[in-house]
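S.K.: A predicted structure for the sequence below; I have some questions about it.
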Amino acid sequence: MTHRFVLGTFRSEDDVLGVVKAVRARKLSLHDVYTPYAVHGLDEAMGLRPSRLTWVCFLAGAVGFGLTMLFQYYTSAFDWPLNVGGKPYNSLPAFIPIAFEATVLFAGMAVVIALFIRCGLYPGKKAKIPGPRVTNDRFVVVVRLDSADASAEDVQMLMEGFGVEAVDERVGGVA
Amino acid sequence: MTDLVSPMPPSGVSIGSEAGSGTAHGHHGHYATLREPLIKGNKSLAQVTDDICRPLEGKPTRLWYVGIATSVTMLLVGFAAIGYQMYMGIGTWGLNPTVGWAFDITNFVFWIGIGHAGTLISAVLFLFRQRWRTSVNRAAEAMTLIAVMCAGIFPLIHMGRPWLAHWVFPLPNVRGSLWVNWRSPLLWDVFAISTYFLISATFWYVGLIPDFATLRDRAKTKIRRATSAVLSLGWTGSARHWMRYELVYLLLAGLATPLVFSVHTIVSFDFATSVIPGWHTTIFPPYFVAGAIFSGLAMVLTLMLVARKVMRLEDYITESHVGSMCKLIIAMGGIVGLAYITEFFIAMYSGNRYEEFVFLNRALGPFAWAYWIMVVCNIVTPQLLWFKKVRTSMLTVFILSLFINLGMWFERFTIIVTSLHRDYLTSSWSDYSPTSIELLTLMGSFGLFFTLFLVFCRFLPAIAMGEVKGILPYGRKEKEPVQ
């Protein structure tokens, strides 16, 4: 079935936090919330699971460190050992600074690429926003009506308790 | 008041309709003011967008044209000088067998140091939850990127044959492969600075994505809409995206913080791992890092004090922002001053006659003028910033910041040239003075710096809108304004 959505437009983050908690307390399906800036505490209020991107960062960093150490060892102790000032071919401590830089580079690049993939962001993607002001000064809370007999009026009543500015019903998609 | 009951506007109408006191909004003015708010003027969210986008959407001011014309001219003269020295060879510089590093390496360290304050503000202060950084971090990060580009010119031309610059990377080649020497701090520097540039650029771009989306959704011209749409990557402001975004931002800040310390540590290794008296000291890494941040903060102030006036951003970059940066300068300047004294004391105390000689020669020898410019500009004049009267006078702060810029350039000149020019053997003693080509190259790097910064101010939001909105007291009933 095509989903029906109720979109409530709000003017302040306090109202959004309040309505999100109320929506979840009523066991309604909270589809998404669109905000012009990162509202602190909203992820908890929505009950979102913590992201696993931290692991991408850590693992990529570890891979970067390992590969760079191996490469430095391979080139200076194995592929073409050169005597530089009588230092050992495998000058392990001297390999640390570059391995450190590579750790940071791999971890940073990988986590940003992972963010883009996870959020489906890419150049040329058409932004599906519920209204032109969500990137400026309005907050939109989207509730999904799961069953055919769920009523948009109930949701509207609930939102009105939190000073909703406008309530909209859309079928098929948010944008 | 009609705005309260009207449905979501279908197109961009009524954007900024609540300009003014914002009294239409019921929640306004109910918070307790314990400290002065970070952003002046009791701004609403739409006002922030309007204020920051205004310089981008209008015509540039006459002052901007004067600035860009001057800096592009400087840049072109610098290019001509670089072209000439490429053609003739670096014999056009004032170097000699004794003073083998001088002007170019001074400029390199100077520019890299400038960049470090940008990362301090964007990453380190983020980890310390210093919310005032939101007004300056975007511009400071832009300054970092531009300064690293300026820095990059110098090792490149120092190679003498920059067309072989790719030899610094461990690329497979037909000579073996003959690999690079991983034990050399100069090679560490290649990796440190390329990583620093890439991570800073990524951090900066990630910070810009939500603002590109704001620009996209308010764009009035086709070309502006198209470019900001591509650059915003289809950002919607969904709470799920914001959550991941905030996490990645935190991770990048956590990565950039040790990175910035490593970069200038490695720059200092270029000197410290040699056996030149005056360079071969263990104090170099912290000394260089503190000096880098010190000089960078001065450059941030120089740029910000001009930008806030020219772009009318006084409500965002307030006297209290400037005051906070002044306090950081006092702290960093204190570390730098302590390092100067420690370095000198240890040289005298070491019993090493070469070490002793280098330091006495710095303070009393033929380059004493450079040494004392450094001391006065970096340790003496910044002490004025202890006084609140000085910190709140924007003109005085601006002049003092210029002094630090000058002093920190001379610090690098002193460290490099005075350690070299009187070699172990008196027969190899020599003098150094820059040629016109070297001076014009330095001027060209300033031209590049100001050109790119002016282009940045013209085409990109100089203040992170998405971050500033998050620290406004707007729309928070119970909580006191976030500081």
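M.R.: Arrived safely.
S.K.: rest of the way, CA atoms for contacts and neighbours
M.R.: Will do.
S.K.: close to chain B, is stretch A:125-139?
M.R.: Yes: judged by CA under 8 Å from any CA of the partner chain, stretch A:125-139 comes into contact with chain B at A:125-129, A:131-137.
S.K.: Weed out the non-buried ones from those.
M.R.: Among the residues of stretch A:125-139 next to chain B, those buried by neighbour count (16 or more other CA atoms under 10 Å in any protein chain shown) are A:127, A:129, A:131-137.
S.K.: I believe A:Arg144 is in a helix; please confirm or correct that.
M.R.: No: counting by DSSP: H, G, I helix; E, B strand; the rest coil, A:Arg144 is not part of a helix but strand.
S.K.: Nearest residue to it in space, please, no chain neighbours.
M.R.: In this structure, A:Arg144 finds its nearest non-sequential neighbour in A:Phe5, 4.6 Å apart by CA to CA, 6 or more residues apart in numbering or on different chains.
S.K.: Equivalent analysis for B:Thr451, please.
M.R.: Nearest residue to B:Thr451, sequence neighbours excluded (CA to CA, 6+ apart): B:Ser71, at 5.4 Å.
S.K.: so what's that neighbour up against?
M.R.: Shown in contact with B:Ser71 (CA atoms under 8 Å, 6 or more residues apart in numbering or on different chains): B:446-448, B:450-451.
S.K.: coming back round to it: could you point out which of the buried ones among the residues of stretch A:125-139 next to chain B is nearest to A:Gln156?
M.R.: A:Gly131 (17.9 Å; CA to CA).
S.K.: Pairing partners for the helix or strand hosting A:Val6, with directions?
M.R.: Using DSSP states H and E, A:Val6 sits within strand A:4-10. Under the criterion DSSP bridges, strand A:4-10 sits next to strand A:139-145 (antiparallel), strand A:166-171 (antiparallel) in its sheet.
S.K.: Low-confidence stretches in the stretch 151-300 of chain B?
M.R.: When residues are selected by pLDDT under 70, none of them lie in the stretch 151-300 of chain B.
S.K.: Please name every helix or strand in contact with the helix or strand encompassing B:Val390.
M.R.: Counting by DSSP H and E, the element that carries B:Val390 is helix B:388-391. Packed against helix B:388-391 by the contact rule (3 or more CA pairs under 8 Å, 6 or more residues apart in numbering or on different chains; DSSP states H and E) you find helix B:319-349, helix B:394-420.
S.K.: so which of these gets nearest chain A?
M.R.: Closest to chain A of the helices and strands packed on helix B:388-391 is helix B:319-349 (CA to the nearest CA; 21.6 Å).
S.K.: Which positions within that closest one qualify as buried?
M.R.: Residues B:319-323, B:325-326, B:328-330, B:332-337, B:339-340, B:343-344, B:347-348 are the ones in helix B:319-349 that count as buried (16+ other CA under 10 Å).
S.K.: Check these one by one and keep those near chain A.
M.R.: Within these, nothing lies near chain A by CA under 8 Å from any CA.
S.K.: Could you pull up the mean pLDDT of the helix ranked longest in chain A?
M.R.: Longest helix in chain A, counting residues (DSSP state H): helix A:92-119. Across helix A:92-119, pLDDT averages out at 95.
S.K.: same check, this time on stretch B:425-445
M.R.: Regarding stretch B:425-445, the rounded mean pLDDT is 93.
S.K.: how about the helix or strand in which B:His241 is found, does it get close to chain A?
M.R.: Here B:His241, judged by DSSP H and E, is contained in helix B:239-272. Yes: using CA under 8 Å from any CA, helix B:239-272 reaches chain A at B:239-248, B:251-252, B:255-256, B:259.
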